[in-house]
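A.B. asks: need coordinates for the below:
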Amino acid sequence: MNPLSHQNQVVCSLPDPAHRSRSHWNAPEPEDEGRPPEAEQGTVLPSGLEERLMPIRPIIDHGRCEAKRECVAVCPNDVFEVRRMDLADFQQLGMLGKLRTTAHRRMTAYAVRAEQCDGCGKCVTSCPENAITLMTTA
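C.D. replies: Numbering: from 1, shown residues only. You can find the predicted model right below:
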């Protein structure tokens, strides 16, 4: 008699691979057929519609920025400069932001050439204070 044929036999069945769930098998997601192909700005899509890419602009939190110039060093498009904070920007800060920026001689980064930003994200990852975010603009 086969020892595996007893009552204590454990049966493990796997689902048919043809009907497997992607999350169960960690299979890659299939291509989204409803999504248009990647297109450059102004490219005419097969449907006849133009896809316009939203411009990306860096946004700097002046209350967090300590003017360490990491963004200036890593930006391939020369978007940033570090200078003394404008009075209007300083007045909009809360008490903690004013104290922090005063400790750093009210120096902060500005995106003076934001239209040249290509959205690479190097400034975001290099900022030690996490003061930079990238936002799409209409």
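A.B. asks: going by C-alpha atoms from here, please, whenever you check contacts or count neighbours.
C.D. replies: Fine.
A.B. asks: make sure residue 102 is indeed in a helix.
C.D. replies: Yes: read with DSSP: H, G, I helix; E, B strand; the rest coil, residue 102 is one of the residues of a helix.
A.B. asks: what pLDDT does it get?
C.D. replies: Residue 102 is assigned a pLDDT of 93 by the prediction.
A.B. asks: what's the burial count for it?
C.D. replies: Neighbour count of residue 102, defined by other Cα atoms under 10 Å: 14.
A.B. asks: so how far is residue 54 from it?
C.D. replies: Separation of residue 102 from residue 54 (Cα to Cα, to the nearest Å): 36 Å.
A.B. asks: cool, and residue 90?
C.D. replies: Going from residue 90 to residue 54 by Cα to Cα gives 30 Å.
A.B. asks: quick check, pLDDT for residue 128.
C.D. replies: 96.
A.B. asks: quick one: it from residue 78, how far?
C.D. replies: Plainly put, residue 128 is 19 Å away from residue 78 if you go by Cα to Cα.
A.B. asks: so for residue 90 and residue 54, which residue has more residues nearby?
C.D. replies: Taking other Cα under 10 Å, residue 90 and residue 54 do not tie; residue 90 has more neighbours (17 against 11).
A.B. asks: and the pLDDT for that one?
C.D. replies: Looking at residue 90, its pLDDT stands at 96.
A.B. asks: what does residue 27 give?
C.D. replies: So residue 27 comes in at 45 (pLDDT).
A.B. asks: repeat for residue 124
C.D. replies: pLDDT recorded at residue 124 is 97.
A.B. asks: without its sequence neighbours, what residue ends up closest to it?
C.D. replies: In this structure, residue 124 finds its nearest non-sequential neighbour in residue 132, 5.3 Å apart by Cα to Cα, 6 or more residues apart in numbering.
A.B. asks: quick check: beta-bridge partners of the one you found?
C.D. replies: For residue 132, the beta-bridge partners under DSSP bridges are residue 60.
A.B. asks: that one against residue 123, yeah?
C.D. replies: Yes: between residue 132 and residue 123 there is a contact under Cα atoms under 8 Å: 7.0 Å.
A.B. asks: what distance do you get for the nearest residue to residue 67 once chain neighbours are set aside to residue 80?
C.D. replies: In space, not counting the residues next to it along the chain, residue 67 is nearest to residue 108; the distance is 4.7 Å by Cα to Cα, 6+ apart. Look at residue 108 and residue 80: by Cα to Cα, they are 10 Å apart.
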